[in-house]
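Novice: prediction below, plus the sequence it came from.
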Amino acid sequence: MATVSLDGVEKIYDNGYHAIHDLSLDIQDKEFLVLVGPSGCGKSTALRMVAGLESISGGELRIGDRVVNDVEPKDRDIAMVFQNYALYPHMSVYDNIGFALKLAKVPKEEIDVRVRKASAILELDSYLDRKPGLLSGGQRQRVAMGRAIVRQPAAFLMDEPLSNLDAKLRVQMRAEIAALQRELAVTTVYVTHDQVEAMTMGDRVAVLKDGYLQQVDTPQNLYDRPDNVFVGAFIGSPSMNLYEGRADISGDGGSVTFGSHTIGLDEHVLAARPGLKGYDGKPVIVGIRPEDFEDAAMVDGAPENRRLTSKVSLIESLGSEVMVHFRLDAKTVDSGDPDAVEESTSGNAANAVGRFNPRSRARIGENIDIAVAIENVHFFDAETRKAIWS
């Protein structure tokens, strides 16, 4: 097993396009690290540089104690799982799994032991004689995983391996891959554009945008303490609601105003975010996650200064929760995610979404009182878009 370290890694193509900027990451032995971000952010390019499939324009890449900038892919002791599985259609499952070992001239007896051990782990024993064309998408993905496992590499590299599967199978396979990684205890770098996948699988998650590393942390810390507007909006589904606002601080309390709405800030909010005290009378970006809006009728003792009133535009009932879309008289802020579908701010369309209790009596076209969990509201500097904490 091994660590994977990127120290100031750069990627500049011949046409001058700067795909990766000064990327520094230390991936620990046995860690499951996920690279996530919108389309074109550089996550697959970074993975391909680790694999040796893309040259490195600058910086240093180490696998274990060895600098591998100029080492051929086959000599890097890594195994890669691709989006399209890359199986040989004319070979059986057994031969697909063992093919790399055959090329490496591993003795037949050892190949058989490794292939059968991997197939047992992946529950492929009864499919070893079949061709890939006779397998389901999930089974083909297991074969691709088996081919990586038998090589006993220092690290696994996975490039959006679940993107070709249907939604239900993706949920099943991401749980299986995470469990398999824990069982094998192999350092793993996993690329996805799906933040839900990233949050549920990774020990840590590295968020990229436009080739720059935005933040790397545990999934929960990314959710609770995003470093900037982009991370705050990218992590979480539905996305964080973002508005232009103004902070008014007096002593150990105050308020924040966005549009015609004002909510109170108490001493606990300022204690958790002491940096807010320096923003008295200044513009801020207010970020409220959908789960921090709630039908006020479902909240005992929700104070008046933590309530908003709005008209319901759309209701999406999901059984265990209700997504309620409504209009706030406030100007929204672009999250910076090119893939995001921003809530409209035109006409009478909604520009906010809340994740309500399924027993809420919210009705389309009717006004509703909405409670805000102010202790969870996020604040960002209006110019730098950095989170306001200390």
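Specialist: Arrived safely. Numbers count the residues shown, from 1 in each chain.
Novice: identify each buried residue in stretch 324-337, please.
Specialist: Across stretch 324-337, burial judged by 16 or more other C-beta atoms under 10 Å covers 324, 325, 326, 327, 328, 330, 332, 333, 335, 336, 337. For glycine as for every other residue, the C-beta is placed from the backbone atoms N, C-alpha and C.
Novice: what's the most distant pair in those?
Specialist: Every pair in the buried residues of stretch 324-337 was compared (C-beta to C-beta); the two farthest apart turn out to be 324 and 336, at 25.3 Å.
Novice: would JSON lines of the buried residues of stretch 324-337 with distance to residue 247 and pLDDT be doable?
Specialist: Listed next are those as JSON lines, based on distance: C-beta to C-beta, whole Å; pLDDT from 0 to 100:
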{"residue": "324", "distance to residue 247": "27", "pLDDT": "98"}
{"residue": "325", "distance to residue 247": "27", "pLDDT": "97"}
{"residue": "326", "distance to residue 247": "24", "pLDDT": "97"}
{"residue": "327", "distance to residue 247": "23", "pLDDT": "95"}
{"residue": "328", "distance to residue 247": "17", "pLDDT": "96"}
{"residue": "330", "distance to residue 247": "14", "pLDDT": "96"}
{"residue": "332", "distance to residue 247": "18", "pLDDT": "96"}
{"residue": "333", "distance to residue 247": "15", "pLDDT": "97"}
{"residue": "335", "distance to residue 247": "20", "pLDDT": "94"}
{"residue": "336", "distance to residue 247": "22", "pLDDT": "91"}
{"residue": "337", "distance to residue 247": "25", "pLDDT": "90"}
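Novice: quick check: bridge partners of residue 315?
Specialist: residue 324 (DSSP bridges).
Novice: quick one: buried residues of the helix ranked longest in the chain?
Specialist: Counting residues, the longest helix in the chain under DSSP state H turns out to be helix 167-184. For helix 167-184, a neighbour-count test (16+ other C-beta under 10 Å) marks 170, 173, 174, 176, 177, 178, 180, 181, 184 as buried.
Novice: about what we covered before: what's the closest of the buried residues of stretch 324-337 to residue 120?
Specialist: residue 337 (41.8 Å).
Novice: against residue 216, how distant is residue 358?
Specialist: 35 Å (C-beta to C-beta, to the nearest Å).
Novice: mind listing residues that contact stretch 259-266?
Specialist: 243-244, 247, 249, 252-256, 276, 303, 305-308, 328-331, 372, 374, 377 (C-beta atoms under 8 Å, 6 or more residues apart in numbering).
Novice: any stretches of the stretch 201-350 of the chain with poor pLDDT?
Specialist: 341-349 (pLDDT under 70).
Novice: and the strands in it?
Specialist: Applying DSSP state E, counting those that start in this stretch to the stretch 201-350 of the chain gives strands spanning 204-209, 212-217, 241-250, 253-258, 261-265, 283-288, 293-295, 307-317, 322-326.
Novice: just name the most buried of those strands.
Specialist: strand 204-209 (a mean of 24; mean count of other C-beta atoms under 10 Å).
Novice: which other helices and strands contact it?
Specialist: strand 32-36, strand 212-217, helix 219-224, helix 229-234 (3 or more C-beta pairs under 8 Å, 6 or more residues apart in numbering; DSSP states H and E).
Novice: can I get it as CSV, trimmed to CA atoms?
Specialist: As requested, the backbone C-alpha atoms of strand 204-209 are provided in CSV (Å, rounded to 0.1, in the frame of the first residue of the first chain):
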residue,chain,number,x,y,z
ARG,A,204,-12.2,12.9,2.6
VAL,A,205,-13.5,14.9,-0.4
ALA,A,206,-11.5,17.4,-2.5
VAL,A,207,-13.6,20.0,-4.3
LEU,A,208,-12.2,21.4,-7.5
LYS,A,209,-13.4,24.3,-9.7
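Novice: between strand 212-217 and it, find me the angle.
Specialist: 160 degrees (axes from the mean of the first three to the mean of the last three C-alpha atoms, to 10 degrees).
Novice: what angle sits between strand 204-209 and strand 32-36?
Specialist: Using the same axes, to 10 degrees, strand 204-209 lies at 20 degrees relative to strand 32-36.
Novice: got a markdown table for the strands of the stretch 201-350 of the chain, with distance to residue 351 too?
Specialist: Formatted as a markdown table, those follow (distance: least, C-beta to C-beta, whole Å):
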| stretch | distance to residue 351 |
| --- | --- |
| strand 204-209 | 23 |
| strand 212-217 | 25 |
| strand 241-250 | 8 |
| strand 253-258 | 11 |
| strand 261-265 | 12 |
| strand 283-288 | 12 |
| strand 293-295 | 12 |
| strand 307-317 | 9 |
| strand 322-326 | 8 |
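Novice: so residue 366 sits against residue 309, correct?
Specialist: No: the pair residue 366 / residue 309 is not scored as a contact, 11.0 Å apart, by C-beta atoms under 8 Å.
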